[in-house]
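In: Generate a structure from the sequence data that follows.
(one chain, ligands or ions: 1)
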Amino acid sequence: MRRAKADAYRLPRQVLPVRYDLRLEPDLMAATFAGHETITVAVSRPTETIILNAVELEITSATIENGKGRSRRAAIGLDEPAERCRLTFPSAISTGTWTLSLSFQGRLNDKLRGFYRSTYKDASGATQVVAATQFEATDARRAFPCWDEPDCKAVFATTLVIDPALTAVSNTRIVSERREAGKKVLQFADTMTMSTYLVAFIIGEIIATPPTMVGKTPLRLWCVPGKQHLAKFGQEIASFSLKFFEDYYGLPYPGDKLDLLAIPDFASGAMENLGAITFRENALLVDAQAATHAELERIADVVAHENAHMWFGDLVTMSWWNGLWLNEAFATFAEMLAVDAWKPVWRRWTTFGVSRAVAMIVDGLHSSRPIEYPVRAPKDADAMFDTLTYEKGASVLRMLEQHLGPAVFRNGIRDYLKRHAYGNADTKDLWVSLGRAAKQPVPTLMNGWIFKPGYPLVTVSLGKNGRLRLAQHRFTYLRKTKGGRAGGAGRWCIPIQLRVATAGKSGSRRVLMTGATLQVKLPKRADLILVNEGGHGFYRVRYEPALLKRLLRLVPDGLAPIERFNLINDAWASAVAGLMPPAEYLDMTRSFTGDRDKNVWAVLLESIHTLHRIMEPARRPAFEALVRGRIGPAAADLGWAPRAGEDDLAKQLRGDLLRALGTVGNDRDTQARAAELYAEYGKHPASVDPNVLPAIVAVLAHAGDAARYAEFAEQYRTAATPQEERRYLYALASFQSTDLLARTLEKTITGEFRTQDAPYMVRMVLMNVVGRELAWEFVKKNWDAMDRLYPKQGLRRMCEGIVGLTTPALERDVRTFFRERKIDLGGKTLAQYLEQLRIAVALGERAGKALDRHLGDGR
Ligand SMILES: [Zn+2]
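Out: Next up is the predicted model:
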């Protein structure tokens, strides 16, 4: 019998689960588990076969009964490639409610997905094991046979049978604890009706903070022993954001308790399992006194993001993975809202500009995809967890929120959650709720942003009639695809906010651009025109030279930081796209050297790093001199120590500038001063500002020899906090000696680095101009080992490093390798990396000679 192709990854719907009573008995030392489940199913059409998901499980028995006759035993067929289990019964199962019982066994794997093993060294140096789960997108089926699709929601009642010395956490409270044959048997309360990918269980010698009560919800943080003192900051933002979201959503938290757990090995940043959120250690635990602003912001972001999901994602879930953006874009948007409310001085919506800019890079590719995009195979679902889903999604939601007004938008969200609680929903359902609140149709405004790839470039000029003329085209970096199709088509419905100043008085105006062009009447003698005031729009702006000149005169103080950020960021994108000569861009950067905004500098530094990567080796010393000329004055102005009354963003900027000056600027004085301060820090740790220390470490690695390498490798092994561990780890990929980088690469497959980190280390060496050839040879030679060892998403992120292989010869070799090995990273991932590489190589070909004038005189 042939299976219809369209159904290859979707389960039949005549039998659906209502409730799982799940009992699992893991053996952490043997790395195995035994399981038994009884699934209450509703049969809507008589059938002899039941198909559900299972993979890498040995199912030893399957029976079904409905309390009216004898139980019937099924023949079990496992289809490993399809990740399915087919149960065939001797006669048809009639419609109604049945109980399906399955016994099974599996292995606790080392791939950080499904039910897996994480290890850590305890205080005595002995290796200890934690068993944890990571089910999103499609890996619950690796822990227990199930209907592993987000709309097959059910109640889960979990029982864990564990070693009495250990502790276990699952989605809900423990309702009973007893001993049975020398084991501890923990029974957890029924969950709400929810998707399989949100089920979680964590078992080990883990310890919790005392609970803090947020309304009726006890909230705790968990970690392995010895790290409890790093939980305070995470607990603060967790409590704040939980309360914040209860107010914002107008609905109580849907679980019965909330645990946040730091797991020593974790593939992504965190996972929103209802009531048992799991994190990578450095996304939850921190010594707030010793951390940088960026490290603290990351923890606040991730914790708030996961808490936002308890409603958006867990209570109301997308029907299928094509709608993943509903979960992730909203949680990303909501994380900004919560963190902005918690720490207004962090100006979180301004610093979000950097994330928006990253999304615009990917979405400026011909190989971009719409935010909502068809998904069939599990690997395509995995590929959806990218910057388009998260950052572009959050950006367009922010644009919509600003257009409708925050209160109207929030009312629409409340309506959506109330209507679809415990169920599933699609994009159109969100539009209906927002439209109801806004009393205007949302689809015409939003569908272009969600269902089409790309975004517009708005060209701004003054017409002869004294009107402002706006025109929109799709922005792409490369003019044409291989097939010769032009990339310029496309039209969006763009909410545009303008600022127009006349004789020193400025006013805001909102227009909705729906056509290819728009004429806007201006007041007489308008002497300043700014498009995208406030910076919320997901589009780029290109001004005619006279208008741009007037804006540049206002830098820095006459424009808001996000507006300056957009101005320089759009100029850089124009340079990369060939719309502006690279030399003109470098001229323009001179206007921003007096800027003291962290985000503005993020663009300047990013462009410097890119230009450095594409620069031929012979030109690098001259380029380094130019970099010192640009960064040096600002770095000298800020110095090495914080000033009284300085805000967190300024402290972070100091670190960013010093790091760039000592690495890509290769500044000897900075390197020497870093060495002095680091020696001082060894004696008096409080002598160096926490925001400067990581810069010092990076600079010393850049200039470091074998002795420094050995020192940092040891610091990595004995680090006191997850942030310190990460800092010294990453430093090992930043040395400028191929011998030392070869050692780092070797450690990525020998188990010396955790597999959660190893692929990111390879990626860093691929982006290191000294190590990239070496790293690329290493990847080619060890691909099979990496494919076997690394978590899937780690492998995908590692491949992003090919974007750093910016010579024509390397580019050819990269293309040949991926083609010959038939490597598919899911979705459009590989095509996007290759296009980014093409853009960088093309920029290198254009920029080299054109920059000689600047490089000659160091200006
Ligand atoms: Zn998320």
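In: how about the strands in the stretch 151-300 of the chain?
Out: For the stretch 151-300 of the chain, strands defined by DSSP state E, counting those that start in this stretch occupy the ranges 155-162, 167-170, 174-180, 183-188, 201-204, 207-208, 212-214, 217-223, 258-263, 270-271, 276-280.
In: OK, contacts around Pro17?
Out: Applying C-beta atoms under 8 Å, 6 or more residues apart in numbering to Pro17 gives the contacts Ile39, Thr40, Val41, Ala42, Cys146, Trp147, Cys152, Ala154. Glycine gets a C-beta too; all of them are placed from N, C-alpha and C.
In: same thing but at 6 Å, please
Out: Under the criterion of C-beta atoms under 6 Å, 6 or more residues apart in numbering, the contact partners of Pro17 comprise Ile39, Val41, Trp147, Ala154.
In: wait, which of the strands of the stretch 151-300 of the chain is closest to the ion?
Out: Closest of the strands of the stretch 151-300 of the chain to the ion is strand 270-271, at 7.6 Å (criterion: C-beta to the ion).
In: Tell me the helices and strands packed up against that closest one.
Out: In terms of contacts (3 or more C-beta pairs under 6 Å, 6 or more residues apart in numbering; DSSP states H and E), strand 270-271 is not packed against any helix or strand.
In: Name the SS class of Glu752, please.
Out: coil (DSSP: H, G, I helix; E, B strand; the rest coil).
In: Check the burial of it by counting its neighbours.
Out: Neighbour count for Glu752, taken as other C-beta atoms under 10 Å: 14.
In: re the thing from before, mean neighbour count, mean pLDDT and distance to the ion added to the strands of the stretch 151-300 of the chain, as a markdown table?
Out: Listed next are the strands of the stretch 151-300 of the chain as a markdown table, based on neighbours: other C-beta atoms under 10 Å; pLDDT from 0 to 100; distance: least, C-beta to the ion, whole Å:
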| stretch | mean neighbour count | mean pLDDT | distance to the ion |
| --- | --- | --- | --- |
| strand 155-162 | 22 | 98 | 20 |
| strand 167-170 | 24 | 98 | 20 |
| strand 174-180 | 11 | 97 | 27 |
| strand 183-188 | 19 | 98 | 24 |
| strand 201-204 | 25 | 98 | 19 |
| strand 207-208 | 16 | 98 | 23 |
| strand 212-214 | 15 | 97 | 20 |
| strand 217-223 | 22 | 98 | 19 |
| strand 258-263 | 26 | 98 | 14 |
| strand 270-271 | 24 | 98 | 8 |
| strand 276-280 | 25 | 98 | 10 |
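In: and the ones you listed as TSV, adding distance to Leu324?
Out: Listed next are those as TSV, based on distance: least, C-beta to C-beta, whole Å:
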stretch	distance to Leu324
strand 155-162	22
strand 167-170	24
strand 174-180	32
strand 183-188	27
strand 201-204	24
strand 207-208	31
strand 212-214	28
strand 217-223	27
strand 258-263	22
strand 270-271	14
strand 276-280	18
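In: and Gly751, how many neighbours?
Out: Based on other C-beta under 10 Å, the number of other residues close to Gly751 is 11.
In: Spit out the contact partners of it.
Out: Per C-beta under 6 Å, 6+ apart, neighbours of Gly751: none.
In: Repeat that for the one 4 residues further on.
Out: Contacts were defined as C-beta under 6 Å, 6+ apart; by that measure Thr755 touches Leu789, Tyr790.
In: Helix, strand, or coil at it?
Out: At Thr755, secondary structure determined by three-state DSSP is coil.
In: Show me which residues of stretch 624-641 are buried.
Out: Using 16 or more other C-beta atoms under 10 Å as the test for burial, stretch 624-641 gives 624-632, 634-635, 638, 640.
In: any residues touching it, and which ones?
Out: 593, 608, 654, 657-658, 660-661, 664-667, 854, 858.
In: Go through stretch 523-542 and flag the buried ones.
Out: Within stretch 523-542, the residues that count as buried by 16+ other C-beta under 10 Å are 528-542.
In: so what's Glu149 closest to, chain neighbours aside?
Out: Closest residue to Glu149 apart from its sequence neighbours, by C-beta to C-beta, 6 or more residues apart in numbering: Leu11 at 6.2 Å.
In: Check the gap between that neighbour and the ion for me.
Out: Counting by C-beta to the ion, to the nearest Å, the separation of Leu11 from the ion is 25 Å.
In: circling back: which among the contacts of stretch 624-641 end up buried?
Out: The buried subset of those - by 16+ other C-beta under 10 Å - is Thr593, Ile608, Arg654, Leu657, Leu658, Ala660, Leu661, Val664, Gly665, Asn666, Asp667, His854.
In: State the pair within those residues that is farthest apart.
Out: Of all pairs drawn from those, the widest gap by C-beta to C-beta lies between Arg654 and His854 and measures 26.1 Å.
In: ok so, going back, wait, which of the buried residues of stretch 624-641 is closest to Pro617?
Out: Nearest to Pro617 out of those is Glu624 (C-beta to C-beta; 11.6 Å).
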